[in-house]
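Novice: got a predicted structure here, sequence first:
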Amino acid sequence: MNEFVETLLDLPWQIGDPKPAYDVVIIGGGGHGLSTAYYLATRHGITNVCVLEANYIGSGNSGRNTTIIRSNYGIPESVRFYQRSLELYQGLEDETGCWVMHSTKGQIWLAHSVMTARTEQTRALMNAACGANTDYILPDEIKARCPQIDLTGGGRYPVHGASYHHEGATARHDRVVWAYAQGALRKGVHIHQHTPVTGLLTETSSSGVDRVTGVQTPNGPISAGVVLSAVGGNVSVVARWAGVRLPIRTHALQAFVTNAYAQEFAPIVSSNDLVFYISQTPRGQMLIGAEYDRQASYRTSTSYAYLQACSAKATTVFPFLKKLRILRSWAGICDVSPDFSPILGNTDVDGFMLSTGWGTWGFKAIPVAGEQLAHLIATGTTPPLMAPFGLDRFSTESVMADPSSAGTR
Amino acid sequence: MLWIDCPNCGQRPFEEYRYGSVFPVTPDAITDTAARNVDYGWMQDNIKGVTLERWFHESGCRRWFTAKRDTTTDEFLG
């Protein structure tokens, strides 16, 4: 036995099939679906809620991300949004009583050119103005915080400076999912695993789908007052059932861990020029990721070409990685929005809501998206924090473009 | 490893190619001009299955071609 096993959560699953009707049905039992259910139950007392998961909870992108929590974004709306999430993460263990292995590490965002140094200086100033704790730091401080770094960048990518996000953190991904699931189950929310949604129950007129009234499953139809799609990469399939057009493209994002590195690697380090990020897991493994695959794909397999390209980038700045071996690699299918910001809230179809566009930045936003969507479902009004992220922003020319902050491109 | 059939070079490894895009298709059901523009500019079919798309043989003959690909398997079909 070890600490990972001894502290496993007790999940009080309900027994039996789903009921024929619920107030809210959430498609997708990942972090986002479960946190929405949790906040509906705990903040608003709405417990007649059902979460339907095609596989087991946390088996999609919640189990395939690189677990980084940060709020150092490039536009004020995003900084405030993710800062709220970061603060909810900091209080998550106290609130739920579950150990999610939250660890504040600080995130260093390297600049290898004068232009990127300006971007990072701007980021630091803008973050400070919007409530996120970010400074611009110089190479000597970077070396002090992360002794493993090669400041010459192999001669080709010299480190000019970096923005340092003091509250950057990581948490154990599946423990976050289980914490929300446990909290929701204890309040009486139903979570049904291995129950894929195969269609939506709709009311249609000549102009298309007017209203979504429930979901179709292999166990029969379930009617619902509100259907929330918290689906990851397959969101376009669900939206098509409702007749909703989405700007989402699905791309696979690969990541990998090495074998255990015996020394401490304290911070999270990202590079905007090289496009990769690295942190150390609680097991000591070095966790490395980079950009998503260029071609749209629903395939969750990894490629040698990616591992080779990403390793080349990471070893340029961190030569010690050359002595480690790749232990495990995986891929998740990301619902990438064109402006690198999420798409949240109501659609043109009554009774159908979305939590999508999470691309490669979904894990850090699990608490805030759940909290905000629960507020929208419970009260019918869109809270100001999530208002900029509606699907209607594409038709009102108010796109939330923030590509340089996604850690990918 | 994935292999792609280039019309000029024959079967070459996946890494030599660059993904272009799919063909944007705006549904006929959208009739309003402004709505059609929004759809053309932003919306994606994001097909799970067989798509028709443009690929560029970047490290080969450097020509564009149209390929049919299954997005669930990344398999290239004739």
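Specialist: That came in fine, so what should we check first?
Novice: tell me which parts of chain B are close to chain A?
Specialist: Within chain B, the residues that sit near chain A (C-beta under 8 Å from any C-beta of the partner chain) are B:1-2, B:14-15, B:18-19, B:22, B:27, B:29, B:34-35, B:38-39, B:41-48, B:51, B:53, B:69, B:71-74. Where C-beta positions appear, they are placed from N, C-alpha and C, glycine not excepted.
Novice: now the host helix or strand of B:Arg12: how far from the chain's centre is it?
Specialist: Using DSSP states H and E, the element containing B:Arg12 is strand B:10-13. Relative to the chain's own centre, strand B:10-13 is displaced by 17 Å; criterion: C-alpha atoms, centre = their mean, to the nearest Å.
Novice: and the residue lying farthest from the centre of chain B, how far is that from A:Glu397?
Specialist: Relative to the C-alpha centroid of chain B, counting by C-alpha atoms, centre = their mean, B:Asp32 is the outermost residue, at 27.0 Å. Remark: distance between B:Asp32 and A:Glu397 (C-beta to C-beta, to the nearest Å) = 16 Å.
Novice: check B:Ser21 too.
Specialist: Applying C-beta to C-beta, the value for B:Ser21 to A:Glu397 is 22 Å.
Novice: which of these two has more neighbours?
Specialist: B:Ser21 (12 against 7; other C-beta atoms under 10 Å in any protein chain shown).
Novice: how about that one: what's its closest non-neighbour residue?
Specialist: B:Arg54 (5.9 Å; C-beta to C-beta, 6 or more residues apart in numbering or on different chains).
Novice: do the same with A:Ala111
Specialist: Closest to A:Ala111 by C-beta to C-beta, 6+ apart is A:Ala117, at 4.0 Å.
Novice: pretty sure that neighbour sits in a helix.
Specialist: Yes - judged by DSSP: H, G, I helix; E, B strand; the rest coil, A:Ala117 forms part of a helix.
Novice: and it, how far from A:Pro158?
Specialist: 11 Å.
Novice: which one of the two has more residues nearby?
Specialist: The residue with more neighbours, out of A:Ala117 and A:Pro158, is A:Ala117; 20 against 14, by other C-beta under 10 Å.
Novice: residues of chain A that sit close to chain B?
Specialist: Counting by C-beta under 8 Å from any C-beta, chain A comes close to chain B at A:208, A:234, A:236-237, A:245-250, A:294-299, A:303-305, A:338, A:394-395.
Novice: let's see which of the residues you listed end up in helices.
Specialist: Mapping the residues of chain A next to chain B onto helices (DSSP state H) picks out A:Ser236, A:Val237, A:Tyr304, A:Ala305.
Novice: by neighbour count, which of these wins?
Specialist: Most surrounded of those: other C-beta under 10 Å gives A:Ser236, at 24 neighbours.
Novice: quick check, pLDDT for the closest residue to that residue other than its chain neighbours.
Specialist: With C-beta to C-beta, 6+ apart as the criterion, A:Ser236 has its nearest non-adjacent residue at 3.8 Å, and that residue is B:Asn46. Per-residue pLDDT puts B:Asn46 at 93.
Novice: B:Asn46 is in contact with A:Arg245, isn't it?
Specialist: No - assessed by C-beta atoms under 8 Å, B:Asn46 is found out of contact with A:Arg245, at 9.8 Å.
Novice: more neighbours, those two?
Specialist: For B:Asn46 and A:Arg245, the more surrounded residue by other C-beta under 10 Å is B:Asn46, and the numbers stand at 26 against 23.
Novice: checking that one next. Helix, strand or coil?
Specialist: Strictly by three-state DSSP, B:Asn46 counts as coil.
Novice: list the contacts of it.
Specialist: A:Ser236, A:Leu246, A:Ile248, A:Arg249, A:Thr250, A:Ala296 (C-beta atoms under 8 Å, 6 or more residues apart in numbering or on different chains).
Novice: which PyMOL command selects the buried ones in these?
Specialist: The buried residues among these can be selected in PyMOL (16 or more other C-beta atoms under 10 Å in any protein chain shown) with this line:
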select buried, chain A and resi 236+246+248+249+250+296
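Novice: make JSON lines out of the contacts of B:Asn46 and add pLDDT.
Specialist: Putting the contacts of B:Asn46 into JSON lines (pLDDT from 0 to 100) gives the following:
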{"residue": "A:Ser236", "pLDDT": "95"}
{"residue": "A:Leu246", "pLDDT": "95"}
{"residue": "A:Ile248", "pLDDT": "95"}
{"residue": "A:Arg249", "pLDDT": "94"}
{"residue": "A:Thr250", "pLDDT": "95"}
{"residue": "A:Ala296", "pLDDT": "92"}
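Novice: farthest-apart pair in the contacts of B:Asn46, please.
Specialist: Using C-beta to C-beta, the two most remote members of the contacts of B:Asn46 are A:Leu246 and A:Ala296, lying 12.9 Å apart.
Novice: for the residue nearest the centre of chain A, what are its contacts?
Specialist: Chain A has A:Gly362 as the residue nearest its centroid, 1.5 Å off, counting by C-alpha atoms, centre = their mean. By C-beta under 8 Å, 6+ apart, the contact set of A:Gly362 is A:Gly31, A:His32, A:Asn61, A:Ser62, A:Asn65, A:Gly232, A:Cys334, A:Pro342.
Novice: go again using 7 Å as the cut-off
Specialist: Contact analysis of A:Gly362 by C-beta atoms under 7 Å, 6 or more residues apart in numbering or on different chains lists A:His32, A:Asn61, A:Asn65.
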